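Asker: Only the shape, not the letters, is given here:
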């Protein structure tokens with residue numbers, strides 16, 4: 001199949017995931033009290049606010065797509081996993097709203113973030129509310145709810161480590177990978193496992209889906225970090241260079257530090273400045289230093305290694321069509337910006 005054909009297939013998979021998931025998402029958001037409901041509707045792109053029109057764009061549907069494809073890979077119809085997919089997407093958006101607040105990111109999907117438009121308190125309330133309705137969505141499925149709750153603890157640990165790293169200059173590469181495993185990979189791993197649980201798959205097959213999602217999540221974070229430095233806002237939906245401006249210890253940065261040498265030392269000098277955020281010339285210099293120190297190449301190679309490890313886990317999938325869908329999603333997720 002040509003690259004164009006593969007891209008079209010992925011678009012169709014994600015469109016199906018969005019179509020199957022959105023009714024449950026809207027039903028959950030409709031249960032929220034005002035004004036939190038309207039704020040959540042704006043976040044999902046369903047409601048306009050002042051000069052910002054509704055877009056209907058609540059994301060690409062990657063996590064719901066993984067839930068549905070994982071269910072199919074284990075022999076279940078995707079429709080059976082729609083509620084689980086909605087639960088995962090609600091948790092994902094809870095994390096997005098809180099992450100934007102903690103990172104002070106003012107844009108998400110090309111629109112103002114919740115805290116930037118409605119204030120910090122409303123962002124906290126809206127994120128919390130989405131978490132509550134996510135739990136309600138899975139309340140009738142104890143095994144699924146237990147899976148998601150365990151994932152939430154991993155997310156808290158990963159986000160906590162990410163925040164702590166901002167005050168440190170000695171973060172190791174292994175620490176950074178462990179943080180990414182909690183902050184990003186845990187939810188993708190859980191999304192895949194939920195598909196297996198919905199399908200009633202044997203535990204060893206569900207564990208294989210978890211491994212697939214774990215490695216894919218690490219690859220996803222590596223690609224996201226690369227786009228944050230060398231990508232385009234049209235691809236990432238966020239201002240390029242924002243992580244460097246805040247002197248964030250992303251994976252390419254930490255890999256550059258670990259390499260040592262004059263470029264790494266100069267990068268460390270920029271990061272240890274005490275006069276606030278880096279300016280545009282500093283950001284450009286930092287990107288060059290990271291690349292020269294090998295941080296960009298390491299992140300690209302590690303992303304490919306993690307993707308290969310993810311695909312190896314799919315030998316446990318009894319349904320070849322579902323496994324193929326997961327493979328296509330994996331390639332799409334890790335090829336952003338290419």
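Answerer: Done, it's in. Since this is a predicted model, take the numbers as computed values, not measurements.
Asker: in the helix or strand harbouring residue 19, what counts as buried?
Answerer: Using DSSP states H and E, residue 19 sits in helix 3-30. Across helix 3-30, burial judged by 16 or more other Cβ atoms under 10 Å covers 9-10, 13-14, 16-18, 20-22, 24-25, 28-29. For glycine as for every other residue, the C-beta is placed from the backbone atoms N, C-alpha and C.
Asker: Quick one: list the elements packing against it.
Answerer: helix 36-43, helix 62-73, helix 82-103, helix 120-137, helix 320-333 (3 or more Cβ pairs under 8 Å, 6 or more residues apart in numbering; DSSP states H and E).
Asker: so can I have JSON lines of those showing distance to residue 221 and mean neighbour count?
Answerer: Shown next, in JSON lines, are the helices and strands packed on helix 3-30 (distance: least, Cβ to Cβ, whole Å; neighbours: other Cβ atoms under 10 Å):
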{"stretch": "helix 36-43", "distance to residue 221": "22", "mean neighbour count": "22"}
{"stretch": "helix 62-73", "distance to residue 221": "13", "mean neighbour count": "30"}
{"stretch": "helix 82-103", "distance to residue 221": "13", "mean neighbour count": "24"}
{"stretch": "helix 120-137", "distance to residue 221": "20", "mean neighbour count": "19"}
{"stretch": "helix 320-333", "distance to residue 221": "11", "mean neighbour count": "20"}
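Asker: any chance of the buried residues of helix 3-30 in CSV, with pLDDT and distance to residue 292 too?
Answerer: Shown next, in CSV, are the buried residues of helix 3-30 (pLDDT from 0 to 100; distance: Cβ to Cβ, whole Å):
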residue, pLDDT, distance to residue 292
9, 86, 38
10, 90, 34
13, 91, 39
14, 93, 37
16, 92, 44
17, 94, 40
18, 95, 41
20, 95, 46
21, 96, 43
22, 96, 45
24, 96, 48
25, 97, 44
28, 97, 48
29, 98, 47
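Asker: Tell me the one of these nearest residue 311?
Answerer: residue 10 (15.1 Å; Cβ to Cβ).
Asker: how near is that closest one to residue 219?
Answerer: Applying Cβ to Cβ, to the nearest Å, the value for residue 10 to residue 219 is 16 Å.
Asker: again with residue 102
Answerer: 24 Å.
Asker: again with residue 67
Answerer: Residue 67 is 18 Å from residue 219, by Cβ to Cβ.
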